[in-house]
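Peer 1: model this:
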Amino acid sequence: MGRVARRRVLLSGDPVASLGDYVAASGGEGVRIAAGLGPAGVLDEVELSGLRGRGGAGFPTGVKWRAIAAGGEAEGERFVVANGAEGEPGTFKDRFLIRHNPYQLVEGLLIAARTVGASRAFIALKRSFAAEAESITRAVAEIDAAGWAPEVSIELVAGPDEYLFGEEKGLLEVIEGDDPLPRLFPPYIYGLFASSPQMGWSAGRSLGEGMPAASNPTLVNNVETLSAIPAIVREGGEWFRTLGTAESPGTIVCTVSGDSLRHGVDEFEMGTPLSEVLVEVGGGVAAGRAVKYVLSGVANPVLTGDRIETPVSYEGMEAAGSGLGSAGFIVFDDRTDPTELALAVSRFLWVESCGQCPPCKLGCEQVTATLESLLVGEGTVDDLVVLKARLATVTDAARCYLPTQEQRVVASLLPAIADPSHRGTLRNLAVTKLVDLVDGRFVSDERQRFKLADWTYGDPATVNPLRLPPQRDTSTGTIAALRTAGFVEDFGIEDGAIAWHSAGDHAAAPERFVVAGSYRFEGISDPDYEEIVLALRNRDSGDNGVLVLAFGPYSTAGEAAVLNRLPRATPGPAGAPDA
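Peer 2: Residues are numbered from 1 along each chain as shown. Purely as a prediction, here's the structure:
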């Protein structure tokens with residue numbers, strides 16, 4: 001029996017390069033039909049569809065829209081925001097959607113604005129999303145010129161790379177010109193430019209300035225959620241319910257990264273087994289390996305490898321003891337150590353915590369420090385008690401969901417941390433944002449390893465973010481590769497320092513570096529190799545650099561001798577210039 005073809009809604013066909021191409025594929029029909037239905041009719045169709053927010057919470061979209069529209073003029077203006085400030089580790093679907101078809105996002109945003117009575121709409125992207133910003137700017141300009149909804153203005157907002165920019169209350173602060181420090185009340189209670197007190201980090205607009213008391217309810221929807229609206233309005237809510245499951249209708253765009261053979265993004269019907277997603281997008285894991293853990297971003301309990309047949313749906317993932325989140329699946333194979341994984345997640349959340357709520361910032365810090373002690377062999381069984389106690393209070397008085405994420409992810413790994421049979425190989429794990437997708441592999445934000453708790457960045461030559469010990473004696477290894485800014489030759493020891501010539505430049509004096517720190521890990525690039533990351537400082541100029549030595553099974557006595565003679569030096573001051 002032949003395989004049933006996958007039904008795609010948002011990623012169907014080729015990438016859309018122009019408004020003309022979009023219109024040729026029924027683009028714009030949603031705006032036209034919505035105008036005929038009116039706000040009440042659109043609300044009925046969106047509610048009937050069962051669409052749930054694709055940003056992670058899964059709240060019913062129709063219910064949210066109806067709540068924003070309620071109350072009339074007495075509640076003030078209405079605003080609509082497309083949240084494209086994607087920064088959840090393991091997630092790349094919003095940027096992928098914008099690259100594939102920015103027009104469906106803009107059309108969905110216009111339909112939403114008209115439905116809730118907003119005359120101003122915003123699309124929020126991170127400042128680093130240059131390609132996506134260009135696509136959105138082009139799409140907005142073309143649709144404006146076509147006159148689809150002249151009464152609605154759309155503004156593009158570029159914000160910082162901080163994780164909390166993607167949190168809806170922090171996002172509103174950025175639109176108003178402040179840092180992404182979440183305000184106390186959600187957007188549907190106190191929205192953009194509200195003159196009533198919203199208890200953000202900075203004062204809102206004062207009633208004494210002659211502004212009317214108004215809460216300005218603001219609709220914030222994820223890029224994927226809004227991108228689904230044109231098809232729902234065009235085809236009808238009942239049609240959308242023919243896809244997916246009863247509790248999770250429609251499709252969802254999934255990201256797969258980590259230890260899978262490939263990385264990528266694709267669209268699946270809700271209810272598809274996770275194993276199918278991991279194979280179709282990621283190609284599974286390497287031969288001889290098995291899936292040990294899957295993280296759905298850093299907001300849900302870890303899913304163990306024996307649960308990967310779980311349906312990709314809100315109810316399916318919840319029944320398995322995890323959560324769907326934004327369907328960004330990070331795969332970890334059977335080499336993974338649960339303590340190192342918990343530490344990588346905890347460190348990310350501690351660093352990205354804004355510090356407004358002390359139980360969160362200080363609690364995440366203590367959890368991170370305790371996990372680190374356990375990882376390097378300095379912890380005791382009492383530390384597990386400390387972890388449980390701190391996780392129980394980390395959410396106290398929280399303004400946002402971040403400390404709950406810490407609680408859910410780390411607590412889910414505690415049983416494995418306590419069981420020696422679950423220990424794995426230390427692999428220099430880091431939980432980071434995804435920067436780009438290149439040739440079937442995601443580029444990670446490696447700067448995250450050196451990001452500090454005050455949102456500044458430390459010097460890679462002096463910051464060892466995970467304080468890891470050597471894994472084993474590498475004196476019998478072989479130098480299989482050298483990676484620096486360029487290729488090097490004549491690697492060796494000269495005058496008590498590591499020295500080499502730049503490739504093809506033997507006439508110049510060799511560059512000499514001393515070692516400011518060294519960290520050894522197994523299997524970063526290849527499971528058969530061990531890598532030593534050396535933080536180096538140029539002995540003459542003081543510049544910093546990083547050298548990676550890969551040691552594999554083909555040893556030579558000469559190369560082993562080089563390894564054994566590596567010099568050590570006192571680390572330089574923090575904040576030294578990067579090479």
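Peer 1: Within the sheet, what are the partner strands of the one helix or strand K292 maps to, with directions?
Peer 2: Per DSSP states H and E, K292 falls inside strand 291-296. Looking at strand 291-296 with DSSP bridges, its partner strands are strand 303-304 (antiparallel), strand 328-333 (antiparallel).
Peer 1: and the next element down the chain from the last one?
Peer 2: In the C-terminal direction, the helix or strand that comes right after strand 328-333 (DSSP H and E) is helix 338-352.
Peer 1: tilt between the strand holding K292 and helix 338-352?
Peer 2: Per axes from the mean of the first three to the mean of the last three C-alpha atoms, to 10 degrees, the angle that strand 291-296 makes with helix 338-352 is 20 degrees.
Peer 1: Mean confidence (pLDDT) on strand 291-296, please.
Peer 2: Averaged across strand 291-296, pLDDT comes to 97.
Peer 1: That one: which residues count as buried?
Peer 2: With burial defined by 16 or more other C-beta atoms under 10 Å, the residues of strand 291-296 counted as buried are 291-296. All C-beta atoms are positioned from the backbone trio N, CA, C, and that covers glycine.
Peer 1: As JSON lines, the strands paired with strand 291-296 with mean pLDDT, distance to L375 and mean neighbour count would be great.
Peer 2: Shown next, in JSON lines, are the strands paired with strand 291-296 (pLDDT from 0 to 100; distance: least, C-beta to C-beta, whole Å; neighbours: other C-beta atoms under 10 Å):
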{"stretch": "strand 303-304", "mean pLDDT": "97", "distance to L375": "20", "mean neighbour count": "20"}
{"stretch": "strand 328-333", "mean pLDDT": "96", "distance to L375": "15", "mean neighbour count": "25"}
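Peer 1: Please convert these to a markdown table, extending it with distance to P415.
Peer 2: Below are the strands paired with strand 291-296 laid out as a markdown table (distance: least, C-beta to C-beta, whole Å):
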| stretch | distance to P415 |
| --- | --- |
| strand 303-304 | 10 |
| strand 328-333 | 16 |
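Peer 1: Of all these, which one is nearest A139?
Peer 2: strand 328-333 (24.3 Å; C-beta to C-beta).
Peer 1: Just the CA coordinates for the helix or strand where I111 lies, please, in PDB.
Peer 2: According to DSSP H and E, I111 maps onto helix 102-116. In PDB, the C-alpha atoms belonging to helix 102-116 read as follows (Å, rounded to 0.1, in the frame of the first residue of the first chain):
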ATOM      1  CA  PRO A 102       6.000  36.400   4.400                       C
ATOM      2  CA  TYR A 103       2.800  37.300   2.700                       C
ATOM      3  CA  GLN A 104       0.600  34.900   4.600                       C
ATOM      4  CA  LEU A 105       1.800  36.300   7.800                       C
ATOM      5  CA  VAL A 106       1.000  39.900   6.700                       C
ATOM      6  CA  GLU A 107      -2.400  38.800   5.500                       C
ATOM      7  CA  GLY A 108      -3.200  37.000   8.800                       C
ATOM      8  CA  LEU A 109      -2.100  40.100  10.700                       C
ATOM      9  CA  LEU A 110      -4.400  42.300   8.700                       C
ATOM     10  CA  ILE A 111      -7.400  40.000   9.200                       C
ATOM     11  CA  ALA A 112      -6.600  39.900  13.000                       C
ATOM     12  CA  ALA A 113      -6.400  43.700  13.200                       C
ATOM     13  CA  ARG A 114      -9.700  44.200  11.400                       C
ATOM     14  CA  THR A 115     -11.400  41.600  13.500                       C
ATOM     15  CA  VAL A 116     -10.400  43.000  16.900                       C
END
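Peer 1: next SSE after that helix?
Peer 2: strand 120-126.
Peer 1: name the helices or strands packed onto that following strand?
Peer 2: strand 79-84, helix 102-116, helix 130-146, strand 153-159, helix 168-175 (3 or more C-beta pairs under 8 Å, 6 or more residues apart in numbering; DSSP states H and E).
Peer 1: one step back: out of the strands paired with strand 291-296, which comes closest to L362?
Peer 2: Closest among those, using C-beta to C-beta: strand 328-333, at 26.9 Å.
Peer 1: Send over that closest one as CSV, restricted to the C-alpha atoms.
Peer 2: Taking C-alpha atoms only, strand 328-333 is exported to CSV below (Å, rounded to 0.1, in the frame of the first residue of the first chain):
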residue,chain,number,x,y,z
GLY,A,328,11.3,22.6,18.5
PHE,A,329,12.7,19.1,19.2
ILE,A,330,16.3,18.8,20.3
VAL,A,331,17.5,15.2,20.1
PHE,A,332,20.1,13.8,22.5
ASP,A,333,21.5,10.3,21.9
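Peer 1: top helix in the protein by residue count?
Peer 2: helix 29-49 (DSSP state H).
Peer 1: on contacts alone, who are the packing partners of that one?
Peer 2: helix 61-69, helix 102-116, helix 223-235, helix 237-241.
Peer 1: Give the buried residues for that helix.
Peer 2: Of the residues in helix 29-49, those buried (16+ other C-beta under 10 Å) are 29-31, 33-34, 39, 42-43, 45-49.
Peer 1: Between all of these, which two are separated the most?
Peer 2: Among those, the pair separated by the greatest distance (C-beta to C-beta) is E29 and E47, which sit 20.2 Å apart.
Peer 1: Quick one: mean pLDDT for the longest helix of the chain?
Peer 2: 97.
Peer 1: In this protein, where is pLDDT below threshold?
Peer 2: 1-5, 196-212, 460-579 (pLDDT under 70).
Peer 1: how does it divide into domains?
Peer 2: Listed by automatic domain parsing, the domain ranges of the chain are 19-241, 251-333, 479-564.
Peer 1: Mind putting these into JSON lines with distance to V386?
Peer 2: Output for these, formatted as JSON lines (distance: least, C-beta to C-beta, whole Å):
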{"stretch": "domain 19-241", "distance to V386": "25"}
{"stretch": "domain 251-333", "distance to V386": "20"}
{"stretch": "domain 479-564", "distance to V386": "26"}
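Peer 1: Out of those, which is closest to G424?
Peer 2: Across the domains of the chain, closest to G424 is domain 251-333 (C-beta to C-beta), at 7.5 Å.
Peer 1: what distance separates that closest one from the middle of the whole chain?
Peer 2: The chain centroid and the centroid of domain 251-333 are separated by 15 Å, computed with C-alpha atoms, centre = their mean, to the nearest Å.
Peer 1: Stretch 342-358 too?
Peer 2: The answer for stretch 342-358 is 14 Å, by C-alpha atoms, centre = their mean.
Peer 1: got the buried residues for that stretch?
Peer 2: Per 16+ other C-beta under 10 Å, stretch 342-358 contains these buried residues: 342-354, 356-357.
Peer 1: ditto for stretch 430-439
Peer 2: 430-435, 437.
Peer 1: Same check on stretch 134-145?
Peer 2: Buried residues in stretch 134-145 (16+ other C-beta under 10 Å): 135-136, 139-140, 142-143.
Peer 1: nearest to V116, of the buried residues of stretch 430-439?
Peer 2: Out of the buried residues of stretch 430-439, the member with the shortest distance to V116 (by C-beta to C-beta) is K433, at 30.6 Å.
Peer 1: my read: the closest one touches R449, true?
Peer 2: No: look at K433 against R449 with C-beta atoms under 8 Å: they stay out of range, at 11.9 Å.
Peer 1: I figured G323 was touching V302, is that so?
Peer 2: No: with contacts counted by C-beta under 8 Å, G323 stays clear of V302, the gap being 10.6 Å.
Peer 1: Show me the contact partners of the longest helix of the chain.
Peer 2: Contacting residues not belonging to helix 29-49 are listed as 60-63, 65-66, 69, 107-108, 110-111, 114-117, 148-149, 229-234, 236-238, 240-241, 249-250 [C-beta atoms under 8 Å, 6 or more residues apart in numbering].
Peer 1: switch the cut-off to 7 Å
Peer 2: Residues outside helix 29-49 that contact it (C-beta atoms under 7 Å, 6 or more residues apart in numbering) are 61-63, 65-66, 69, 107, 110-111, 114-115, 148-149, 229-230, 232-234, 236-238, 240-241, 249.
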